[in-house]
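J.: with the sequence up front, the predicted model follows.
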Amino acid sequence: MTIQNANLTMNASFLETTYATERTWVNTVLEACLSDYWAVQTHKNTALQVTLPELETLWQALKHATVLGGKRIRPLLALETYRAFYPEQSAERCFETMKGVCCALELIHAQSLVFDDLPCMDDDDLRRGQPTVHKAFDEATAVLVGDALACMSFGCLIRYSPKTIASTILLQCVQELSDISSLQGLVNGQYADMVSEGKPCTPERLSYIHANKTGALLAFSLRAGALVAEASPKALSIISTLGSVLGELFQVVDDYLDVSVSTSQLGKTAGKDLVQEKATYVSVHGLEATKRQVNSLSQQGNLLLKALKTEVATVEVSRLEALVTFLQTRAY
Ligand code: GRG
C-alpha cells in the first residue's frame, strides 16, 4: 500500500534488505531459545534419561509457531529505539544488549497469533503463508504451544539479557510485559474485540480495542528499548506516546490491508473482518477516513521523533523514521 506518498519506495522487500541482518539475529536467538528449552525438556540435562518420541510433534509445533516467517517488527522497534540512544555503538553490540527483550517480544507475539487463530477465537486456517498451528497439528497442541511460548517469553527476557542491564530495569520490563500480556493489553483487548463482533461499534470502543489488542505490545516494544537505554523520564514519555501512535498506525493499516490486499500477499485470509463483522477502522470510519488516519498517524510519529531529537540532541532517529514509513506503507 502506498497512501498519498509518491516519494516513498517502501515495498515488501524493505525489511528483507534494510533490516536483513537484524532480522537474522532475531531469528537466530529465537531458534537458540527453542533449542535451549528443548534440550532441557528431553532430559539430556537430568538424571532421568527418559525420552518420549511422541514429544517430537510438540517440538515441530513450537517451531511452526515461532520460526516460520513473520516480519519481526516488534523486536526491530525495540532494537532501533535502543540503538537511537547509542548511535556510536555497533549494531551487533546493541543487539547483544537487546536480544533478551527481542526474543521475549516475539515469543509473546507468537503466542497471541496461535491463540487468535483458534476456532474458538478468530478461526483462521492460514498464518504467515502456512497452515495455522491448530490446522497443521491440532487444537490441544496449539493451546499447549501457546502456553509454552507465553511462559518462555518471561524466562527468555531474563536468560538472554546481558548482566550489564541493571536488574531494576529488567524487573520493570518483566512487570510491563506481564501487564500488557494480560489485562492491560492482549487479553482484555482480544475480549473486547470478540464481544464487539456483529454489533455497531463507537469510535471510542474501536480505539479501546486497537490500543489494547495491538497497541499495548507495540508500545511496550519501544518502551523496552528506551528503558534499557536508560532514557530520561521526558524521553521515555515521548517514546511511550510514539509507541501508542505506532500501535494504532499498525492496526489501522492492518484493517486497511484486510480489505485491499490478496490472501497470498497477506499470508493470512484477506477479507475476513467483513465476513466476521469485526469492528475495524474501515467498518467504523470508512475507507477514505482510514487512508487519512494512516497518514495522520505517521505524521504524528515523525513529529514525535523530532520532539525526541529536540529533547536528546545525541539521539539518531533515522532508522526509526524508516520504520515509521514502513508501518505506513507496508503491504503485508
Ligand atoms: C495472553 C499473549 C496472550 C494473548 C491472548 C489471542 C489474544 C489474547 C490476543 C490476540 C491479539 C492479536 C492477534 C492482535 C492482532 C495484532 C496483529 C495485527 C498481529 C499481526 O502482527 P504482524 O503483522 O504478524 O506483525 P507477523 O506474522 O508479521 O509476525
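T.: Structure received.
J.: where's the nearest residue to I239 once chain neighbours are set aside relative to L55, distance?
T.: Spatial nearest neighbour of I239, chain neighbours left out: A226 (4.2 Å); criterion: C-beta to C-beta, 6 or more residues apart in numbering. From N, CA and C alone the C-beta is placed, and that goes for glycine too. Taking C-beta to C-beta, to the nearest Å as the measure, A226 falls 40 Å from L55.
J.: where do the strands sit along the protein?
T.: For the chain, the strands defined by DSSP state E occupy 126-127, 130-131.
J.: reformat the ones you listed as TSV; add mean pLDDT, mean neighbour count and distance to A279.
T.: Compiled in TSV, the strands of the chain are given as follows (pLDDT from 0 to 100; neighbours: other C-beta atoms under 10 Å; distance: least, C-beta to C-beta, whole Å):
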stretch	mean pLDDT	mean neighbour count	distance to A279
strand 126-127	98	22	21
strand 130-131	98	16	27
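J.: quick one, which of A226 and L55 is more surrounded?
T.: A226 (24 against 12; other C-beta atoms under 10 Å).
J.: my read: that one touches P233, true?
T.: No - A226 is not in contact with P233 according to C-beta atoms under 8 Å; the separation is 10.3 Å.
J.: now do the contacts for the spatially most central residue of the chain.
T.: The structure's the chain has its C-alpha centroid closest to R74; by C-alpha atoms, centre = their mean the separation is 3.9 Å. Contact partners of R74, counting by C-beta atoms under 8 Å, 6 or more residues apart in numbering, are L105, E106, H109, L217, L218, S221.
J.: just curious, which of the residues you listed is nearest to S296?
T.: L218 (17.3 Å; C-beta to C-beta).
J.: once you drop chain neighbours, what's closest to the closest one?
T.: Closest residue in space to L218, ignoring its immediate chain neighbours: G247 at 3.8 Å, by C-beta to C-beta, 6+ apart.
J.: distance check, the one you found against Q300.
T.: As judged by C-beta to C-beta, G247 and Q300 stand 12 Å apart.
J.: leaving out the residues flanking it, which one is nearest to Y19?
T.: By the measure of C-beta to C-beta, 6+ apart, the closest residue to Y19 outside its immediate chain neighbours is L76, 5.7 Å from it.
J.: do the same with F14
T.: Residue nearest to F14 in three dimensions, not counting chain neighbours: F326, with 5.5 Å by C-beta to C-beta, 6+ apart.
J.: how much space is there between the one you found and W25?
T.: From F326 to W25 the distance is 18 Å (C-beta to C-beta).
J.: with K63 instead?
T.: Counting by C-beta to C-beta, the gap from K63 to W25 is 18 Å.
J.: which one of those two has more residues nearby?
T.: Each of K63 and W25 has its neighbours counted (other C-beta under 10 Å); W25 has more, 22 against 16.
J.: right, and the residue nearest to L218 touches K213 too?
T.: No - counting by C-beta under 8 Å, K213 is not a contact partner of G247; they are 9.6 Å apart.
J.: which of those two has more neighbours?
T.: G247 (27 against 23).
J.: so who does that one touch?
T.: The contact partners of G247, by C-beta under 8 Å, 6+ apart, come to H210, A211, T214, G215, A216, L217, L218, A219.
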